[in-house]
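>>> Output the structure for:
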Amino acid sequence: MDMKSTVISESEEEAREYYKPTEEDRKLTAFIVDHCDRWREYRDQNHMDDWLKYERIFRGIWSETDKTRGSERSRIISPATQQAIETRHAEIMEAIFGQGEYFDIKDDLNDQNGPLDVEKIKAQLYEDFAQDKIRKSIDQIALLAEIYGTGIGEIVVSQEKQYKPMTVPISGTQAAYGAGEKDRISVKLVPVSPKNFLFDPNCTSIDDAMGVAIEKYVSIHKIAQGIESGKYKDVDITTLYKTDELDVSQEDVHFKDEKVLLLTYYGLVPREFIEDINVERLVDRESDDYEDMVEAIVVVANDGLLLKAEESPYMMRDRPVISYQADTMPNRLLGRGTCEKAYNSQSAIDGSARYHMDCLALTVSPMIAMDATRMPKGSKSEVKPGKQVLTNGNPNDILMPFKFGTNDGQAMQTAKEFERMLLMATGTIDSNGQVSQVSRDGNMDMATATMIKKYKRTLVNFQEDFLIPFIYKATWRYMQFDPERYPAVDIKFVPTATLGIIAREYEQKQLAFLIQTLGAQSPLTPILMAGVIKHSSLSNREEMLEQMAKQMQPDPQQQQMEQQKVMLDMQGSQADTAKKMAEAKKANVEAELAPMESKTKMIAALSNNLDDDQEGKDFERRIRLAEVMLKEKDIDSNKEIAVIQNSAKQAEKANNDDYLNKASEMMQ
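Here you go, the predicted structure:
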């Protein structure tokens, strides 16, 4: 029965008709392969050798090409660059994911649904990103960026089967247990090594390029599954292993079986290669192929077998590839990584350390000089404990210990100086937690602040060029292929990265110094304490912040009582002011009357000396009339003073009664 089934399958395979490429397919394949070959040649000539060195330094792999001297025997590799890469990578990841949420959403101002739909989309994105392990992918991409200088990711949309445990009641108390099946739209971020990435050398960004391509080896069963599902054309696919440069990492022996070389192109192609149109040209020009182009996705296997060619299916016509520079290199797609910054210092450190090890081998290893003519034939020239050495004569005359001298250790001191230069180039810390020689001289804060600024440059590049574009593209994919869960709305994404570990510790130190300076009674102290807790790594940080916020908020009843007390104090002060004004006015009136009374007394004294003639009588009459007028003015002033004093007393009494009433109410 097995033999029969085998014969049937072979006959079906012979009768199967594979897809035959058309003339347009062959032209499109030639167009893509020709451009990618030229792009690959440019990339390999300028960058590939350096990238392989950077990878070996990071992994600690020795190579014959990494020798610094022809007579070098030691293979030691200093971990200085490895430490710098891991430090920078950990700091960037902590700054992005340290506080939990790494992006926020702002709603459109004209949106009438309010913030409800935005919060729902935000929660769904966090859930889907966690299920598709986006954080892990970003972690790998950031590590590749620190090694090679450029972080690259490919956005892949697929439909996956999602299984959930279910319980189905049968009858009564009986139930059946099983799994439910549900289709789910998955948007994944695939890390791409620069060794597998091809790009237009004339571009400064992915969107600016005519196209980009990703080439890699995939298992042949994935191609077979794609053909079976209709994703790829039904072609006669075979395995092919061309070169080991496209493998994930450098190995001694690479696995070469059951692999297919897959080239995925995202970019512009002539429209006539995608659509069935005929273009007649009177004169062939070099620019004819670039006049009418369309955004497309083309998949080529084994450098010539077309698997897929279609116009971009995405509604925003965007390319599903994003990249960012670990350190900015203006007007260039590729950036500068930590390995490139540290390469010269790393080579100097390795050269000094290997020179020291080679010298140490000569000065430490026991050696012996001997007279070969007086040694027995066939004896082994070995030095080891307990070995018997046979000589033809006195051993003191035949054997002599041999030593080259001592090793002064100056090479290792030189290596430490080169390590300091490496820390300066990369802006990282050493094994003692110090940044550079500046920190060893006592200016740790200045050195730390400088390092934090360098980290922020990388963080800005990551947010602006990678994180926010990825979230936009992923949301557009969900809106297009899963509209039930993601309705099409206009939203804005905002990165919420905070501080890394080193920056957070530096910030904590500054806040603690401010708290110590202000003291516990300062109104700013609770705010500063909240900042310390917010920047900490405590597991119950949110609970502590909520409790502190409640304590900082005043009691409404106590606040009302304080307001009433302030109002009563204001009314009492107004009464005191009115009383003081009345007393001041009385004093002014008395001051005005005092000179007039003195003048009256003087006039009366003068009038006693006058004669009893008619003129004296008239003068005396005028004097009396003046006295009457002064008395009337004095009476009016006294009345006015009395009225003011009475008003002040009534106001004071009313305020005291009101104060007493309100105080009794507060006491109750």
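>>> what sits up against the host helix or strand of Arg26?
Taking DSSP states H and E as the definition, one finds Arg26 inside helix 23-43. Contact with helix 23-43 is made by 21, 198-201, 210-211, 213, 215, 263, 265, 269-270, 272-274, 276, 289, 298, 300, 303-306, 309, as judged by CB atoms under 8 Å, 6 or more residues apart in numbering. Every residue, glycine included, has its C-beta placed from N, CA and C.
>>> quick one: buried residues of stretch 381-395?
Val389, Thr391 (16 or more other CB atoms under 10 Å).
>>> hmm, who's touching it?
Contacts for stretch 381-395 (CB under 8 Å, 6+ apart): Pro366, Met367, Ile368, Met370, Arg374, Met375, Pro376, Ser379, Ile398, Leu399.
>>> ok, back up a step: in CSV, list the C-alpha atoms belonging to the helix holding Arg26.
What follows is helix 23-43, C-alpha atoms only, in CSV (Å, rounded to 0.1, in the frame of the first residue of the first chain):
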residue,chain,number,x,y,z
GLU,A,23,7.5,38.4,-20.5
GLU,A,24,6.5,41.2,-18.0
ASP,A,25,7.5,38.9,-15.1
ARG,A,26,10.9,38.3,-16.6
LYS,A,27,11.4,42.0,-17.1
LEU,A,28,10.3,42.8,-13.6
THR,A,29,12.6,40.2,-12.1
ALA,A,30,15.5,41.5,-14.2
PHE,A,31,14.7,45.1,-13.1
ILE,A,32,14.7,44.1,-9.4
VAL,A,33,17.7,41.8,-9.4
ASP,A,34,19.8,44.3,-11.4
HIS,A,35,19.2,47.2,-9.0
CYS,A,36,19.7,45.0,-5.9
ASP,A,37,23.0,43.6,-7.3
ARG,A,38,24.4,47.1,-7.7
TRP,A,39,23.1,48.2,-4.3
ARG,A,40,24.7,45.1,-2.7
GLU,A,41,28.0,45.8,-4.3
TYR,A,42,28.0,49.4,-3.0
ARG,A,43,27.1,48.3,0.5
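>>> Pull out the buried positions in that helix.
24-25, 27-29, 31-33, 35-36, 39-40, 43.
>>> following that helix, which helix or strand comes up?
Next element after helix 23-43 (DSSP H and E): helix 49-59.
>>> which other helices and strands contact whatever helix or strand comes next after that following helix?
Once the chain leaves helix 49-59, the next helix or strand it forms, by DSSP H and E, is helix 80-97. Here helix 80-97 touches helix 49-59, helix 134-148, helix 338-364, helix 410-426, helix 444-462, helix 501-518, going by 3 or more CB pairs under 8 Å, 6 or more residues apart in numbering; DSSP states H and E.
>>> Comparing those helices, which yields the minimum mean pLDDT?
Mean pLDDT is lowest for helix 501-518 among the helices and strands packed on helix 80-97, at a mean of 60.
>>> Lys256 versus Lys242, what's the distance?
As judged by CB to CB, to the nearest Å, Lys242 and Lys256 stand 10 Å apart.
>>> One more: Glu91?
Distance from Glu91 to Lys256, by CB to CB: 39 Å.
>>> again with Met421
42 Å.
>>> Ok, Ile468 next?
Distance from Ile468 to Lys256, by CB to CB: 40 Å.
>>> The two - which one has more neighbours?
Ile468 (17 against 13; other CB atoms under 10 Å).
>>> Just give the nearest non-adjacent residue to the more buried one, would you?
Distance criterion CB to CB, 6 or more residues apart in numbering; nearest residue to Ile468, sequence neighbours excluded, is Phe493 at 5.4 Å.
>>> Show me which residues of stretch 293-305 are buried.
Met293, Glu295, Ala296, Ile297, Val298, Val299, Val300, Ala301, Asn302, Leu305.
>>> Leu305 is in contact with the fifth one, correct?
No - taking contacts as CB atoms under 8 Å, Val298 lies outside contact range of Leu305: 11.8 Å.
>>> Any regions of the stretch 1-150 of the chain where pLDDT drops low?
Low-confidence segments of the stretch 1-150 of the chain, defined by pLDDT under 70: 1-16, 99, 107-116.
>>> List the contacts of the residue lying closest to Ala309 once chain neighbours are set aside.
The shortest distance from Ala309 to any non-neighbouring residue, by CB to CB, 6+ apart, is to Val298 (4.9 Å). By CB under 8 Å, 6+ apart, the contact list for Val298 reads Leu28, Ile32, Thr264, Tyr265, Val269, Leu306, Lys308, Ala309.
>>> one step back: quick check: ChimeraX command selecting the buried ones in the contacts of helix 23-43.
To isolate the buried ones among the contacts of helix 23-43 in ChimeraX, judged by 16+ other CB under 10 Å, type:
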select :21,198,199,200,211,213,215,263,265,269,270,272,273,274,298,300,305,306,309
